[in-house]
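Q: I need the structure of the sequence given here:
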Amino acid sequence: YVVGGSMLSGDLIAFFTYASEILMSLMMVAMVMMVLTRSIACGKRIVEVLEEQPEITDSAADPALTVENGDVDFDHVYFKYHKDSDAWNLEDVCLHIDSGMTVGILGGTGSAKSTLVSLIPRLYEATEGVVSVGGHDVREYTMEALRQGCAMVLQKNTLFSGTIRENLRWGREDATDAEMEEAEQLWEACRMACADEFISRMPDGYDTHIEQGGANVSGGQKQRLCIARAILRRPRVLILDDSTSAVDTATDARIRAALRQALPGSTKLIIAQRISSVMDADLIVVLDDGKISGAGTHDRLMATNRIYQEVYKSQQEGATIDG
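A: Numbering: from 1, shown residues only. All right, here's what the predicted structure looks like:
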């Protein structure tokens, strides 16, 4: 048309311009429809989460009850994650732990070590049987009271953006500078966790800034800070879920010795992969496929428990090869 003279070149340019504008508007409408559909789906999911009622509640709890001591009892405890499943994750666990004892928990991957200790602060609810702390069923405590009396340090630790001091005080918000000067709270907790040695080398000491997730500290340092944070609460029951896996054996031994000396009345439950971490425990529990395979001291298990003997032998051979 332009060549033939029936259309001006300006008309052609205007046609393409209008077509582009219309196409852009149609694309924006399509984008809005897509985002709107996605937003509706996300909104429904958010509402579902906000309206979700937790299965573990304080309905049977006594608000005045607090954890008085660290006695822990498992009375024919059964547990499974899925109610419709035929397989038990924990089966017929019977165990008594006196207050102040140090208990080591060993077992292969998937033997339900973490599941066992998670029943104590009611991170999960026992399917059958009774878990007791301080002589009372854990369901008789409010969540706040129970978890105030039980501190748990996981293998995968969490640090928050802020100073070291602020991260540690998360374990006990009412810790004051006066208490620190008396070496009863924050400073003592860091010494017990062997965290003071690397904190003292940091540019601002306890005021050193920690990145989100502890990105600017090593795995071992992160574990020791989380242990110190748990110690600061002075719990009746302290659970260490393989939380010294990133520290060397010498530091691990110093931490255990400090816990034994400074928290004599607290029950210490230590999940470990290294037998050297629990050899001196008052009681060692060996788990196998959700069942207690054996329980006793190191010497007793070496004489009576096949699984413990095999683990000890394999680790001794590995240590010999490394040496």
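Q: low pLDDT regions in the stretch 151-300 of the chain?
A: 171-184 (pLDDT under 70).
Q: count of neighbours near residue 188?
A: Number of residues near residue 188 (other Cβ atoms under 10 Å) recorded here: 19. Using the backbone N, CA and C atoms, a C-beta is placed for each residue, glycine as well.
Q: which ones are touching the closest residue to it other than its chain neighbours?
A: Spatial nearest neighbour of residue 188, chain neighbours left out: residue 262 (7.0 Å); criterion: Cβ to Cβ, 6 or more residues apart in numbering. For residue 262, the contact set (Cβ atoms under 8 Å, 6 or more residues apart in numbering) comprises 188, 192, 231.
Q: so residue 262 versus residue 268, what's the distance?
A: 11 Å (Cβ to Cβ, to the nearest Å).
Q: now the residue positioned nearest the centre of the chain: closest residue in space, sequence neighbours ignored.
A: In the chain, the C-alpha nearest the mean C-alpha coordinate belongs to residue 154, at 3.3 Å (Cα atoms, centre = their mean). Closest residue in space to residue 154, ignoring its immediate chain neighbours: residue 241 at 5.1 Å, by Cβ to Cβ, 6+ apart.
Q: and the one you found, what is it in contact with?
A: So residue 241 contacts 113, 114, 117, 152, 153, 154, 155, 271 (Cβ under 8 Å, 6+ apart).
Q: show me where the stretch 1-150 of the chain dips below the pLDDT cut-off.
A: Short version for the stretch 1-150 of the chain, where the test is pLDDT under 70: none.
Q: residue 76: how many residues sit nearby?
A: 12.
Q: does it fall in a helix, a strand, or a coil region?
A: strand (DSSP: H, G, I helix; E, B strand; the rest coil).
Q: gap between the residue nearest to residue 227 when sequence neighbours are not counted and residue 269?
A: Among residues not flanking residue 227 along the chain, residue 193 sits closest, at 4.1 Å (Cβ to Cβ, 6+ apart). Look at residue 193 and residue 269: by Cβ to Cβ, they are 16 Å apart.
Q: I'd like to know how many residues surround residue 147.
A: 18.
Q: what do you get for residue 199?
A: Neighbours of residue 199 (other Cβ under 10 Å): 22.
Q: same check on residue 110?
A: By other Cβ under 10 Å, the residues close to residue 110 number 11.
Q: what segments of the protein are strands?
A: For the chain, strands defined by DSSP state E occupy the ranges 72-79, 90-97, 102-107, 128-133, 136-137, 150-153, 162-163, 209-210, 237-241, 267-271, 283-288, 291-296.
Q: buried set for the second one?
A: Residues of strand 90-97 classed as buried under the neighbour-count rule (16 or more other Cβ atoms under 10 Å) are 90, 91, 93, 95, 97.
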